[in-house]
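Asks: sequence first, predicted model second:
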Amino acid sequence: MELKEIKGDIKVKSVILSNKKTGETKEIDTDGVFFQLEGIPNSLIARESGIKVDKDGYIVVDGKGRTNIDGVYAIGDITASPTKLVVTAVAQATAAAIDILEYLDSRP
């Protein structure tokens, strides 16, 4: 689906979406719109360093932000997480920071 139009006056009231394959449009009532700009992740240096990325170039991490290389973490929009919001990145950073502290404490 592709956003074609945002309707409203002082506030958003609805959006018009278009199906790219069929050309069909539909209007959905809503109170707001969040935008996610699609792009190509800038992960070249990670790939060259041996960090695993998915088919789209996003860094693959576990639930604590750990990559396939011990002691290397990634968070936010560069990761394969499907949700690209600030609140998601903050939560990822919190989990990674806690794990990093545990990682550092466990080293000899």
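Replies: That came through fine. Source: prediction; values computed, not measured. Numbers count the residues shown, from 1 in each chain.

Asks: export stretch 29-37 as PDB, just CAs?
Replies: The C-alpha atoms that make up stretch 29-37 are tabulated as PDB, following Å, rounded to 0.1, in the frame of the first residue of the first chain:
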ATOM      1  CA  ASP A  29     -10.200   7.200   9.400                       C
ATOM      2  CA  THR A  30      -7.200   8.000  11.700                       C
ATOM      3  CA  ASP A  31      -6.000  10.600  14.200                       C
ATOM      4  CA  GLY A  32      -2.400  10.700  13.100                       C
ATOM      5  CA  VAL A  33       0.300   9.500  10.800                       C
ATOM      6  CA  PHE A  34       3.800   8.200  11.500                       C
ATOM      7  CA  PHE A  35       6.300   8.300   8.600                       C
ATOM      8  CA  GLN A  36       9.100   5.800   8.000                       C
ATOM      9  CA  LEU A  37      11.500   6.800   5.300                       C
END
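
Asks: confirm residue 93 sits in a helix?
Replies: Yes - checked against DSSP: H, G, I helix; E, B strand; the rest coil, residue 93 lies within a helix.

Asks: could you measure from the spatially closest residue to it that is not a sequence neighbour over to residue 86?
Replies: Across the structure, with CB to CB, 6 or more residues apart in numbering as the measure, the residue nearest residue 93 apart from its sequence neighbours is residue 75 (5.0 Å). All C-beta atoms are positioned from the backbone trio N, CA, C, and that covers glycine. When distances are taken as CB to CB, to the nearest Å, residue 75 and residue 86 turn out to be 11 Å apart.

Asks: and these two? Which one has more around it.
Replies: The neighbour comparison of residue 75 against residue 86 (other CB atoms under 10 Å) goes to residue 75, with 21 against 9.

Asks: was I right to think the more buried one contacts residue 94?
Replies: No - in this structure residue 75 lies outside contact range of residue 94 using CB atoms under 8 Å: 9.2 Å.

Asks: okay, and the common contacts of residue 75 and residue 86?
Replies: None of the residues lies in contact with both residue 75 and residue 86 under the rule CB atoms under 8 Å, 6 or more residues apart in numbering.
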